[in-house]
Structure formats: C-alpha cells, structure tokens
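Asker: Next comes the sequence, and after it the predicted model I'd like to discuss.
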Amino acid sequence: MTVTEVPDQATDRPHRIALLVFMVVVVAHWVEHLAQAAQIYVFGWSSAQARGVLGLPFPKLISSEWLHYGYALIMLIGLFVLRKGFSGRARQWWDLALVLQFWHHIEHLLLFVQAQSGWRLGGAAVPTSIVQLIVPRVELHLFYNTIITIPMVIAVMLHQRARAAAA
C-alpha cells in the first residue's frame, strides 16, 4: 500500500457510512432481480407474474420506468460520488462498475424516453433498450446488475483490506 492509499481519517467515516448504505441498496436491488429470475425459472411463473419480492405487493413498482430510471441514475451518481474514496486496485474495480453502470444508465434513459414519449425503438410494442432487441428484459437486467454488482463487491473487499492493512 502506498501513502496515497491510506484512508484520510477526516473523510473515512462518512465515506464508510455512505458506502455501506449504498451497497445495501445495490445488493437488495440485485436480490430483487435474482428473485424475479427464480420466479420465472424455478417456479415457472410468466414474466408478467414475476415481479421480484417488492413487486408482488406493489405491482406498479415493476412497471414504472420512473422508478427504474431513477434507480439507474442514483446508481450512476453513487458510483461517481463514492469513487474518490477508493484507490489502487479497488479503484480500478470501482471504475469498471462505473463504466458498466454508465452504459446501463443509457439503456434505462432510452427506456424512460420511450415510456414518456410513446415512441418505440425498432417498432416494439413496449419500451425497448438496444441490447433488449437481442436479449429479453428480465435476463438482460439480471445480467447488467450482476456484472455491475460483482466488481463493486470486489472493490469494497479490496478497499476494506487496504483499510485493515493501514490500521
């Protein structure tokens, strides 16, 4: 660990708290996608019935592009704001998650614009993202959330290891 990787005591605690809250939200969101996939592939529910855990009592949550776009935007902002607290290899993994989330955000922005305007990409019946023209939405968003969450978790583990070594 280099001197630049040692956490600044003045900013370390707020960063740790914000990171913890952010990661709880991220992992909970990922679990929602895993639950939705289990509902489809384990329990045999249709995609329309499979709404994750929160979507069952609150079905409007799943159909709201406002919610999905808002989450994608919050993820992007959170990754960007928390980035300054990472260094070294942890920063590289965090940056990978940030780049992947930027693309995921673009896809959600495209879905949001379609939901608000009535225009549909490729003449689809429902709002459709670019990659969704090839991969179904449930599987695509599970994939996106997986490839974004994994580097975030790796970054946090490396970050915690660096903090422990500095202490």
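Answerer: All right, it came through fine. Numbers count the residues shown, from 1 in each chain.

Asker: Grab the nearest non-local neighbour of residue 66.
Answerer: The spatially closest residue to residue 66, leaving aside those adjacent along the chain, is residue 112, at 7.5 Å (C-beta to C-beta, 6 or more residues apart in numbering). (Glycine included, C-beta is placed from N, CA and C.)

Asker: Residue 154 too?
Answerer: residue 93 (4.6 Å).

Asker: pretty sure the residue nearest to residue 66 is touching residue 69, no?
Answerer: Yes: contact criterion C-beta atoms under 8 Å: residue 112 and residue 69 qualify, at 3.9 Å.

Asker: contacting residues for the most centrally placed residue in the chain?
Answerer: Most central in the chain under C-alpha atoms, centre = their mean is residue 145, positioned 4.9 Å from the mean C-alpha point. Residue 145 makes contact with 29, 30, 33, according to C-beta atoms under 8 Å, 6 or more residues apart in numbering.

Asker: Show me what secondary structure element comes after the helix or strand containing the residue nearest to residue 66.
Answerer: Assigned by DSSP states H and E, residue 112 falls within helix 88-117. Taking DSSP H and E as the definition, the helix or strand that follows helix 88-117 towards the C-terminus is helix 137-166.

Asker: any idea how far residue 129 is from residue 164?
Answerer: Using C-beta to C-beta, to the nearest Å, residue 129 is found at 40 Å from residue 164.

Asker: Out of the two, name the residue with the larger neighbour count.
Answerer: residue 129 (22 against 8; other C-beta atoms under 10 Å).

Asker: Quick check: closest non-adjacent residue to the more buried one.
Answerer: Spatial nearest neighbour of residue 129, chain neighbours left out: residue 107 (4.0 Å); criterion: C-beta to C-beta, 6+ apart.

Asker: what does residue 111 give?
Answerer: Residue 111 sits nearest to residue 127 (C-beta to C-beta, 6+ apart), 4.5 Å away.

Asker: what's near enough to touch the one you found?
Answerer: Taking C-beta under 8 Å, 6+ apart, one finds 65, 110, 111, 112, 114, 115, 120, 121 in contact with residue 127.

Asker: Check residue 126 too.
Answerer: residue 120.

Asker: Can you check the pLDDT for it?
Answerer: Looking at residue 126, its pLDDT stands at 92.

Asker: Thought residue 76 was touching residue 102, still the case?
Answerer: Yes: using C-beta under 8 Å, residue 102 is in contact with residue 76, at 6.3 Å.
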